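Asks: For reference, the sequence and a predicted model appear below.
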2 protein chains.
Amino acid sequence: MGQSAGDILDSERVELGELSSSLGFLLRVAQLQAFDAFFNRLAPDGLKPGEFTMLWVVGLNPGLRQGTVARTLAIKPAHMTKLVQRMVDAGYLLRKTPDNDRRSVHLSLTDKGQEFVASNRDAFLSLHGDERATLTPEEADHLVTLLRRFTGFED
Amino acid sequence: MGQSAGDILDSERVELGELSSSLGFLLRVAQLQAFDAFFNRLAPDGLKPGEFTMLWVVGLNPGLRQGTVARTLAIKPAHMTKLVQRMVDAGYLLRKTPDNDRRSVHLSLTDKGQEFVASNRDAFLSLHGDERATLTPEEADHLVTLLRRFTGFED
DNA sequence: CAAAAGTAGTTTACATGGAAACTATTTATT
DNA sequence: AATAAATAGTTTCCATGTAAACTACTTTTG
């Protein structure tokens, strides 16, 4: 039949149907909200989530191979290359090609990089504190637990 | 001190520290995984998540204003314009400018659009079923509930 | 060991999504 | 009514991220 255009209503009450319990949809929106909160707070300090996360992991695992970091953080190799270049240019990261496998690149933080991570650590991790008061602390914890299981980041 | 580059280990056992309970990080990874699952299953049918979601909502709310759809789905206006154009070109969507406010655009599905949504509905929503067996059905439900609260998509 | 296959990372060329400035229209102010 | 402010959507231009082809090196295989 194809209800001809303009049956109307724009009463702001938008019907979502089963979409509102679609995991894919909810994850996308939740991620956008979390990033917004993150950005509004931290972009002023020139802190980008992806960059900081990468530096953080390298800081905890000095000498790790570039590709391993990429796989762990679900960053594609092509993107990783650019990320690493920017962080090297910024003076935060060191690349080193080991003699035993000269295809690979091992990453570590410079002194400046270590300072950067140390001094922004609290600001960065505060996101997980909560930000939005829509969840109680217990619910937030539970959400983290379920997401860890879902993503396979369990210990 | 700046441990000089290459102190170490590439033993695949990557230390994440507090990152592994950071909501922002987990949401990003979860969303990537969900989209991957989605794509691998549905891209063959030319079904993109954002496009289908938009058509779905217009189908449930014929005549809705373009901007309202965008706000509801957290799509930025600039992006919405392109999405709508593609769906109009594909023959799924109708734009109509009402006389009472000629700035706005009301959206509705064409017959072809309705067929498209109807015939792909199950495939699309099956994502929420689970896909990954890492969560039990109860856990998946619980995750959905928490995400709905987090995002503000509660009834 | 030479050829073939595999692995690590880079490059290029493109797709996706967004911020800011712009056009058109409507509503508020004087 | 005339100007100013607000709103809806579009355009342009840029940032982010990716797939596919490529280079360099290493491992396997006959």
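Replies: All right, it came through fine.
Asks: only C-alpha atoms for contact and neighbour calcs from this point on.
Replies: Will do.
Asks: Rank the helices and strands of chain A by mean pLDDT and give me the bottom one.
Replies: helix A:111-129 (a mean of 84; mean pLDDT, DSSP states H and E).
Asks: what does it rub up against?
Replies: A:34, A:37-38, A:42, A:52, A:55-56, A:59, A:91-93, B:1-3, B:18-19, B:21-24 (CA atoms under 8 Å, 6 or more residues apart in numbering or on different chains).
Asks: So how do I select the buried members of the residues you listed in PyMOL?
Replies: Per 16 or more other CA atoms under 10 Å in any protein chain shown, the buried members of the contacts of helix A:111-129 correspond to this PyMOL selection:
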select buried, (chain A and resi 34+37+38+42+52+55+56+59+92+93) or (chain B and resi 19+21+22+23+24)
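Asks: Return only those of the contacts of helix A:111-129 found close to DNA strand C.
Replies: Among the contacts of helix A:111-129, no residue is within reach of DNA strand C (CA under 7 Å from any atom of the strand).
Asks: from the contacts of helix A:111-129, which ones fall inside strands?
Replies: A:Leu93 (DSSP state E).
Asks: Inside helices: which ones of the contacts of helix A:111-129?
Replies: A:34, A:37-38, A:42, A:52, A:55-56, A:59, B:23-24 (DSSP state H).
Asks: Among those residues, which one sits closest to DNA strand D?
Replies: For the ones in helices among the contacts of helix A:111-129, the minimum distance to DNA strand D (CA to the nearest atom of the strand) is 11.3 Å, reached by A:Phe52.
Asks: give me the number of residues near the nearest residue to that closest one once chain neighbours are set aside?
Replies: The shortest distance from A:Phe52 to any non-neighbouring residue, by CA to CA, 6 or more residues apart in numbering or on different chains, is to A:Val117 (7.3 Å). A count of nearby residues for A:Val117, using other CA atoms under 10 Å in any protein chain shown, gives 19.
Asks: how far away is A:Val117 from A:His106?
Replies: According to CA to CA, to the nearest Å, A:Val117 and A:His106 sit 18 Å apart.
Asks: before we move on, what about A:Gln33?
Replies: For A:Gln33, the distance to A:His106 - CA to CA - is 34 Å.
Asks: Check A:Glu51 too.
Replies: Distance from A:Glu51 to A:His106, counting by CA to CA: 17 Å.
Asks: Repeat that for A:Phe25.
Replies: From A:Phe25 to A:His106 the distance is 37 Å (CA to CA).
Asks: and what of A:Leu125?
Replies: For A:Leu125 relative to A:His106 (CA to CA), the value is 26 Å.
Asks: same deal with A:Leu143?
Replies: 34 Å.
Asks: Spell out which parts of chain A neighbour DNA strand C.
Replies: So chain A meets DNA strand C at A:65-68, A:77-82, A:84, A:103-106 (CA under 7 Å from any atom of the strand).
Asks: Next step: the residues you listed restricted to strands.
Replies: Using DSSP E, those in strands are A:His106.
Asks: ok, and of the residues of chain A next to DNA strand C, which contact chain B?
Replies: A:65, A:68, A:106 (CA under 8 Å from any CA of the partner chain).
Asks: is it true that the last one touches A:Arg95?
Replies: Yes. Taking CA atoms under 8 Å as the contact criterion, A:His106 and A:Arg95 are neighbours in contact, 5.8 Å apart.
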